[in-house]
Structure formats: structure tokens, C-alpha cells
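J.: Here's my sequence, what's the structure:
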Amino acid sequence: MAKNSYLLTDGGLKNTASHVQKKGFESDTKTLRKKVIQSLKKQGFLFDGQKISLPEYIDKEGIRQLHQEAVQTRIARSKEGLIRREARLLSYIASGREVDPDKISPRLVEVKPNTENELLFRYATLHWSIPVSSGYGRRLRFLIFDQNNGKLIGLFGLGDPVFSLAARDKWVGWNKEQRGERLKHVMDAFVLGALPPYSYLICGKLVAMLLASDEVREAFRKKYSGQTSLINRESFDGRLVLITTTSALGRSSIYNRVNCNGRGLFHRIGYTSGSGEFHFANGLYTELSRFAGLHCQPTAKQERWGVGFRNRREIVRKVLSLLGLPDNLIYHQVQREVFAIPLAANTQQFLRGEHERVLWYHMSVQEIFDYFKDRWLMGRAERDSSYRKFRSSSYALWMKKED
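T.: Next comes the predicted model:
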């Protein structure tokens, strides 16, 4: 057994091993604290020592700039795994001359793990103006292809919703017990949108509308029906009755007046509190996570959930406290509009436990597209031909782009 060494000080003998360890901790803490503050200011946040705030009169472009460091970090980290496949992935991106608005025919394809479609989904989301997470817990991801030319129209991903979301919970009208019992019937669209040149034809609205399709609800049922919950060991019936989503940059225009055959699909229900971790996702989170692993203890939780931290937010908050920084720095103040997409006429009553039978709305992908084509697509194509100028080569992230 190695002997402890001791240092003679004015206060007596001191264990030098623990002394060195303490000095190392203090040095690491001071360095990481400085990095956190510098990172926040570099991104464009204002920090007064107690909280962060946004610059006065910030617009949507300003909010995009707040996310740029995190976006560029994701792109850089993805380069090694995707660059050699970029030419192949770009073959799914249409040039404007390859799109005939009158012949567009959408096909919804579920993304399976370890497939080229999964790589395409990852590659496409790297082009988003805000960093796209992988979703939480249960996940369903979809690509929408144009059957006329085999090109990618858009995509969306569904993941488990957060447990507490004030706007959603108020809209549903449930209590904590009802929420705990029926939140499993809710999913959140953590990413959705159209890719150019289809985005020029406002196909972002089409992608949003397809969330409400029968095909999405059926895919969810097939994947999750019969699964047993980790905590109460009850079997899940696979009924998805509500999808929520949030706008990327404050108040949304893409979801504005989204309806199908007279039924409004997206319900504006409020705003988020402006909290999250995107402003630590610029390479800094890796250091925070490493620090947490060395110096923090996960919060106690249900033993069946396993060991480790609950989520990224817990790690960030615990480390901030150890660094002598307020843990309210997770409140970045970028509020996002929250939308509810009910999939049944009695969604709220079912989620409150007042109804057991679900009164489904029924709309197929084809029915939704037929309405979208007549309501938005053809009129936009006639008024604006700018989509024709788009070149797929300009979508490249790493390959040399053509002039």
C-alpha cells in the first residue's frame, strides 16, 4: 500500500495528495467557469453575473446568430462520418429544373436505424438554422420523397415530450396524476421542415400537415403498441392522440392558417419559458459533462430507470452550481411558440381520463396533399418561379460548391 505524504504547514501536517487534488479541482473550476462566461458572450448573450439576457430589439436573424456556434459545432463533428458519403446524399436533393409542381407526389418513409435514410436524415438536419437534437426516449423519424423524381421534399422527427410544459398542460387541462398516466399518448415533433427547392414552394406547410396523417398514427401504433412501461409495468395500447411542436425562431409563420378541409390542424397554445441547453452545445457541453462525471452525483430517481444523470439539463445545472454560476443560466430567454396538433375530436377529454374511446380524425397522406396542392402549391408555383434557379450542388456542406 502506498504511503500518504504530508506537508508541514503553519496549521500542522497536511495530506499532500488531497491538497493537490483540491488545487486541481479549483484550477479546473476556475478555467471552466471562465470558458462558460466567454462562450455565452461570444454567442451574443448579455451576462450580468446573475442571469443572461438577449440584446434589445433582437429579430429572427439575431436569434439565428445565437445558434450559429452550436450549429457549426454539429457540422464539424459530423464531417468525419458523412463527408465521404456527401456526393451520394446530395443525389437526393433536387435542382429546381427537376421539380414539376403539377407532378409532385409525396411518399412518407419511416427512417430505420443503420440505413442510408438515417444518414440522409442526419445530413439534411445539419442544414437547419438551429441545432437539431436527436429526440428523447421513443423516436419516430420520417422522410418525405417526391415519387415523381425520387428527390427529398422534407422530413420530420417525433420524440418523447417533456414531462412539464405549461402551455400544453394548460391547453389539455389535466392534473399531475392525469398527465403521469396519459402523457404516453403524446409525442413532440422535435424537427420538421422542407428542403430546397421544395421549401420555395411552401412545402414546409405540407410537411407540417403530414404530422396529422393516419400513416403517422399507424406507424406509432405498430412500433409501440404492446410495450411495457418501465415503472408501472403496464402494457401500452399504442394510441397517439396529440402531437406538439415549437417554432424555431419565436412566433411562427409556417404553421399559420394550416388547415385541411376546413379543420385547423395547428392550435396556437402559448410560448415556452425560454430554457434549454443549446447555448452549451457548441463544444462546451462535452467539458461540462466530463466535469460532472468527476465531481457531481446524479439526482436520486426510480431505481428501474438505471444509473446516471437524468438528462443534459441536470448535468448543466449541477456543474453551473459547482462553478459558482447561477443554475438559471439554462434560461436563454429565446421563447418559442408552442402548437398542439390534436389527432382526435376528443383529444383533451381522453388525455384528462374523461373518455376511454378515441374519436379519431381520419386523413391520409394523399388526401392532405390533394388539399395542399389545390390550396397552396399550384398558386405559389405560378406566382414565383425562383425555385427553378436552385442548384443541388449549393446544398453541399463540405464538397466544393459550383459557382
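
J.: going forward, measure contacts and count neighbours with C-alpha atoms only.
T.: Fine.

J.: is it true that A340 touches F266?
T.: Yes. With contact defined as Cα atoms under 8 Å, A340 reaches F266; the gap is 5.7 Å.

J.: Surely H362 forms part of a helix?
T.: No. Going by DSSP: H, G, I helix; E, B strand; the rest coil, the assignment for H362 is coil, not a helix.

J.: can you count the residues close to it?
T.: 13 (other Cα atoms under 10 Å).

J.: show me the contacts for it.
T.: 213-214 (Cα atoms under 8 Å, 6 or more residues apart in numbering).

J.: any idea which helix or strand of this protein has the worst average confidence?
T.: Lowest on mean pLDDT, DSSP states H and E among the helices and strands of the chain sits strand 6-9, with a mean of 45.

J.: quick one, helices of the stretch 101-250 of the chain?
T.: With helices called from DSSP state H, counting those that start in this stretch, the stretch 101-250 of the chain shows them at 116-125, 166-172, 176-182, 203-210, 214-224.

J.: just checking, P101 touches L377?
T.: Yes. The criterion here is Cα under 8 Å, and P101 meets it with L377 at 7.2 Å.

J.: from memory R380 sits against Y198, does it?
T.: No. Counting by Cα under 8 Å, R380 does not reach Y198; the two are 11.0 Å apart.

J.: Of the helices of the stretch 101-250 of the chain, flag the one that's most buried.
T.: helix 203-210 (a mean of 24; mean count of other Cα atoms under 10 Å).

J.: Averaged pLDDT, that helix. What do you get?
T.: The average pLDDT within helix 203-210 is 96.

J.: which residues do A340 and F266 both contact?
T.: Among the neighbours of A340, none is also in contact with F266 (Cα under 8 Å, 6+ apart).

J.: sorry, back to before: settle it for me: which of R380 and Y198 has more neighbours?
T.: Each of R380 and Y198 has its neighbours counted (other Cα under 10 Å); Y198 has more, 28 against 15.

J.: Report the contact partners of the residue nearest to the more buried one when sequence neighbours are not counted.
T.: Once flanking residues are discounted, Y198 sits nearest to I153: 5.8 Å by Cα to Cα, 6 or more residues apart in numbering. Applying Cα under 8 Å, 6+ apart, we find I153 in contact with 106, 143-146, 194-196, 198-199, 203.

J.: One more pass at 7 Å, please.
T.: 144-146, 194-195, 198 (Cα atoms under 7 Å, 6 or more residues apart in numbering).

J.: swap in G193?
T.: Contacts for G193 (Cα under 7 Å, 6+ apart) come out as 154-156, 204, 207.

J.: Go through those residues and name the one nearest Y387.
T.: Y387 has its nearest neighbour among the contacts of G193 in G204, at 13.8 Å by Cα to Cα.

J.: Wait, the closest one touches A194, no?
T.: Yes. With contacts counted by Cα atoms under 7 Å, G204 reaches A194, the gap being 4.6 Å.

J.: quick one: S213 from Y387, how far?
T.: Taking Cα to Cα, to the nearest Å as the measure, S213 falls 27 Å from Y387.
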